[in-house]
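[1] Provided below are the primary sequence and the corresponding predicted coordinates.
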Amino acid sequence: MNMLIGLALTAVLLMGFGIATQTTTIADVSKCQVAAGETVDPDSAECKLTPAAAAGLLPNDVITSFDGKAVTSWEELTGWIRASADKQVSITVERDGVPVTTTVTPVLSARPVVGVDGRQAKNDDGTLQYQDVGFLGIGAQTALVPQPASTVLPMAGENIKQITGVVLNLPTRVAGVAQAAFSEEPRDPNGPISVVGVGRVAGEVAAMEQVPMQSRVATLVGLLAGLNFALAVFNLIPLLPLDGGHVAGALYEGARRRIAKLFGRPDPGAFDIAKLLPVTYVVAVLLMGMGALLIYADIVKPVNLFG
């Protein structure tokens, strides 16, 4: 049922609300060209205008073409800008329903390299990665875009895959939580949390008044979907008293009967699962201990997902 609920909520999230997607509408225009890690006073003489600011681009402008090519997505536009360093190109925007054409010259600038997980990539020595590419100085507005039904199963599968990775490394993850809870080390945002942590994250989402209500509800639906997938995967661990332990016992009993039938032996009968009670007690104590540790960690050093 957890799997089915998680799948249903994923369908509601993707098909009903959609996922946050960058649009071709400009959200903000940077005034100054600033090197990575530096700051410049916009009103000082040191402020060198970005190509976008110099060209007069404004927030809420909708970019319709770049270098004579129709713009259909922000990702496509970003690729063209990055490849156009020091090259003067035309750009057309729609402003208040009226097309406006001007020229821009993207400057060569060191920009962060973003990995597939959406975070800045790092070098082998742990330093952050940067790449010299064309830079214009604009940011994109985002909007929730409903997705087709064909995206539900892949998204659910990716969610389950990530959760399974956490469960398979659970002892290491829990040890990391314990170390963070009793030291100055930060919590791993991708590590396990308790019901207290889930409630705290949900409360933070609900309290974000600067975020549109639709986006907050979508985030909570996604959180519930992930929680159900997590419960399903965790409950399938083949140890009693979890359901996975009962499934493992039933599979063992079925295999034993098949082998007996194959070799013409009498039916060995049902497997006495009560023989595993000592193991059950140990697992139950470990689970209660883990739960207490996670609750304590979520109180004294909660996971910070929103900065």
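    Cool, the structure landed. Numbers count the residues shown, from 1 in each chain.
[2] Next, the distance between the ends of stretch 141-150.
    This stretch, stretch 141-150, spans 26 Å end to end (C-alpha to C-alpha, to the nearest Å).
[3] Give me the contacts around it.
    With C-beta atoms under 8 Å, 6 or more residues apart in numbering as the test, stretch 141-150 has contacts from 11, 14-23, 25-27, 60, 214-215, 218. C-beta: built from backbone N, CA, C; applies to glycine.
[4] Are any of these buried, and if so which?
    Neighbour counting with 16 or more other C-beta atoms under 10 Å marks 11, 14, 17, 19, 22, 25, 26, 215, 218 as buried within the contacts of stretch 141-150.
[5] now, which of the contacts of stretch 141-150 lie within helices?
    Using DSSP state H, the members of the contacts of stretch 141-150 that fall in helices are 11, 214, 215, 218.
[6] out of those residues, which one sits closest to residue 130?
    residue 215 (30.2 Å; C-beta to C-beta).
[7] Skipping adjacent residues, who's closest to that closest one in space?
    Leaving aside its chain neighbours, residue 215 sits nearest to residue 144 (6.6 Å; criterion: C-beta to C-beta, 6 or more residues apart in numbering).
[8] Please spell out which residues along stretch 157-177 are buried.
    If you call a residue buried by 16+ other C-beta under 10 Å, then stretch 157-177 has these buried ones: 159, 160, 163, 166, 173, 174, 176, 177.
[9] Run through who's touching that stretch.
    The contact list for stretch 157-177 (C-beta under 8 Å, 6+ apart) reads 6, 10, 187-188, 190-192, 225-226, 229-230, 232-234, 237, 290, 293-294, 297.
[10] Which residue, other than its chain neighbours, is closest to residue 234?
    The shortest distance from residue 234 to any non-neighbouring residue, by C-beta to C-beta, 6+ apart, is to residue 167 (5.8 Å).
[11] ok, and the one you found, which helix or strand is that part of?
    Per DSSP states H and E: residue 167 is located in helix 152-168.
[12] I'd like the average pLDDT over that helix.
    Helix 152-168 shows a mean pLDDT of 91.
[13] just the CA coordinates of that helix, formatted as PDB?
    Coordinates of each C-alpha in helix 152-168 appear next as PDB, following Å, rounded to 0.1, in the frame of the first residue of the first chain:
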ATOM      1  CA  VAL A 152       5.300   9.000 -13.400                       C
ATOM      2  CA  LEU A 153       6.900   5.500 -13.300                       C
ATOM      3  CA  PRO A 154      10.400   6.800 -14.200                       C
ATOM      4  CA  MET A 155      10.200   9.500 -11.500                       C
ATOM      5  CA  ALA A 156       8.900   6.900  -8.900                       C
ATOM      6  CA  GLY A 157      11.600   4.500  -9.900                       C
ATOM      7  CA  GLU A 158      14.300   7.200  -9.400                       C
ATOM      8  CA  ASN A 159      12.800   8.100  -6.000                       C
ATOM      9  CA  ILE A 160      12.800   4.400  -5.000                       C
ATOM     10  CA  LYS A 161      16.400   4.000  -6.300                       C
ATOM     11  CA  GLN A 162      17.700   6.900  -4.200                       C
ATOM     12  CA  ILE A 163      15.900   5.600  -1.100                       C
ATOM     13  CA  THR A 164      17.200   2.100  -1.600                       C
ATOM     14  CA  GLY A 165      20.700   3.500  -1.700                       C
ATOM     15  CA  VAL A 166      20.100   5.100   1.700                       C
ATOM     16  CA  VAL A 167      18.600   1.900   3.200                       C
ATOM     17  CA  LEU A 168      21.500  -0.200   1.900                       C
END
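[14] Lovely, talk soon.
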